[in-house]
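Asks: give me a 3D structure for the following:
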Amino acid sequence: MKFWKALFVFCIPFFSLGQQEVLIKVDHYLELKKYEEAEMALLRAANIRFAPGLMDKLGEVYGLQGKWDKAIGIYEELTDTYPQNPEYQFRYGGVLARKAQNSSKLRALMLLGRIKEGFTKAVELNPNHIEARWALVDLYVSIPGIVGGSTSKAYKYARELKAISPFEGYLALGYVCEYDDEPLKAEQHYKRALSYLSNLGSVPRNQLNYQIGKVCSDYGIQLEKGIQHMGAYINNFTVKDGVPLYWAYYRMAKLYRHQGAMEQASSWVEKALADRPTFKPALEEREVIRALL
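Replies: Modelled structure (predicted):
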């Protein structure tokens, strides 16, 4: 027994070195958006089932390709093996939520309890987990009250978020107010959020680029900053970011319209409609732009 323990300890550095090489290769493929190559590099790794870092990366790669069932399988295994890891709990809830978005309403309802459990556990295990709170805010405002939706719970998580990050907290409060049909309060919270931008530097996640651009386009404020952040969202977009690109193209059209740059606005709205021809907000925006040309 002592021999095997000694052998295991001796081999750990070699396993770690091999894992590091695989991760460097995979990250290179991800930068190039070569997701299939990244997947194959991970699946060829010799000890992937004994390497949670590689398993986690494989779950991410499956998610980037929209392979939600495979991603769910990875995070089921990781949360079973490492139940105290908040990131695995959060990612498990996240891939379940994306599966629900791409399923029938009945299937989505069946997944709802597991989605809540993953996000809630992540918050319990890491009280400062920002993304899990955002996920809970979004969840509670998005689902009908009859199946567990609750704006009061959404406000609760948004206020908790504000205590951790005022910038993101005010964004979240504005988001909840929009759903709660409180447009004036939403505008106040959004403007408070933008007041933190000058001291923020770069945003930590691409989804925030979209939120900033959305606020600037909806209220016709800080237009250059809105264009900058929405452009960053588009350039860095992956399926993990959630909001489809046609929404970002539509927001860019509004930003340029507010700026009076009608040719750019027209170009972006056509880009949105090329991506989704029946997209009603873009069709309406096209008519507004044409009337101003």
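
Asks: low pLDDT regions in the stretch 101-250 of the chain?
Replies: Scanning the stretch 101-250 of the chain for pLDDT under 70 picks out 144-149.

Asks: show me where it has its helices.
Replies: Along the stretch 101-250 of the chain, counting by DSSP state H, counting those that start in this stretch, helices occupy 105-125, 130-142, 151-164, 166-179, 183-194, 206-219, 223-235, 245-259.

Asks: with only the CA atoms kept, save the third one in CSV.
Replies: What it means is helix 151-164. Provided in CSV are the C-alpha atoms of helix 151-164 (Å, rounded to 0.1, in the frame of the first residue of the first chain):
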residue,chain,number,x,y,z
THR,A,151,-39.9,39.8,-8.4
SER,A,152,-39.5,40.1,-4.7
LYS,A,153,-36.8,37.3,-4.8
ALA,A,154,-35.3,39.0,-7.8
TYR,A,155,-35.0,42.3,-6.0
LYS,A,156,-33.5,40.5,-3.0
TYR,A,157,-30.7,39.0,-5.1
ALA,A,158,-30.2,42.3,-6.9
ARG,A,159,-29.8,44.2,-3.6
GLU,A,160,-27.3,41.5,-2.4
LEU,A,161,-25.5,42.0,-5.7
LYS,A,162,-25.3,45.8,-5.1
ALA,A,163,-23.6,45.2,-1.8
ILE,A,164,-20.9,43.2,-3.6
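
Asks: name the residue closest to the centre of the protein, please.
Replies: residue 241 (3.9 Å; Cα atoms, centre = their mean).

Asks: average pLDDT across stretch 26-43?
Replies: The predicted model assigns stretch 26-43 a mean pLDDT of 91.

Asks: how far out from the middle of the chain is it?
Replies: A distance of 20 Å separates the C-alpha centroid of stretch 26-43 from that of its chain, computed with Cα atoms, centre = their mean, to the nearest Å.

Asks: measure that stretch end to end?
Replies: Length of stretch 26-43, first residue to last, Cα to Cα, to the nearest Å: 11 Å.

Asks: can you tell me what sits against that stretch?
Replies: 22, 25, 48, 54, 57-58, 61-62, 64-65, 238 (Cβ atoms under 8 Å, 6 or more residues apart in numbering). (C-beta placed from N, C-alpha, C; glycine too.)

Asks: ok, back up a step: distance of the residue nearest to the centre of the chain relative to residue 54?
Replies: Applying Cβ to Cβ, to the nearest Å, the value for residue 241 to residue 54 is 23 Å.

Asks: okay, domains of this structure per the record?
Replies: Using automatic domain parsing, the domain ranges for the chain come out as 44-125, 127-201, 206-293.

Asks: hmm, residue 91 is touching residue 59, no?
Replies: Yes: with contact defined as Cβ atoms under 8 Å, residue 91 reaches residue 59; the gap is 6.4 Å.

Asks: so what sits against both of those two?
Replies: Joint contacts of residue 91 and residue 59 (Cβ under 8 Å, 6+ apart) are 75, 78.

Asks: circling back to that earlier point, could the contacts of stretch 26-43 go into a markdown table alongside neighbour count and distance to residue 285?
Replies: As requested, the contacts of stretch 26-43 are exported to a markdown table (neighbours: other Cβ atoms under 10 Å; distance: Cβ to Cβ, whole Å):
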| residue | neighbour count | distance to residue 285 |
| --- | --- | --- |
| 22 | 22 | 45 |
| 25 | 16 | 43 |
| 48 | 17 | 47 |
| 54 | 21 | 45 |
| 57 | 24 | 39 |
| 58 | 24 | 40 |
| 61 | 25 | 35 |
| 62 | 22 | 35 |
| 64 | 17 | 30 |
| 65 | 16 | 31 |
| 238 | 14 | 25 |
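
Asks: CSV for these, including distance to residue 38 and secondary structure?
Replies: Listed next are the contacts of stretch 26-43 as CSV, based on distance: Cβ to Cβ, whole Å; DSSP: H, G, I helix; E, B strand; the rest coil:
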residue, distance to residue 38, secondary structure
22, 10, helix
25, 8, helix
48, 13, helix
54, 11, helix
57, 8, helix
58, 9, helix
61, 5, helix
62, 10, helix
64, 8, helix
65, 9, coil
238, 12, coil
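
Asks: show me which pair in those is furthest apart.
Replies: Greatest spacing in those, by Cβ to Cβ: 48 and 238 (22.1 Å).

Asks: okay, the helices of the stretch 101-250 of the chain in a markdown table with mean neighbour count next?
Replies: A markdown table is the format used below for the helices of the stretch 101-250 of the chain (neighbours: other Cβ atoms under 10 Å):
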| stretch | mean neighbour count |
| --- | --- |
| helix 105-125 | 17 |
| helix 130-142 | 22 |
| helix 151-164 | 18 |
| helix 166-179 | 23 |
| helix 183-194 | 18 |
| helix 206-219 | 22 |
| helix 223-235 | 19 |
| helix 245-259 | 23 |
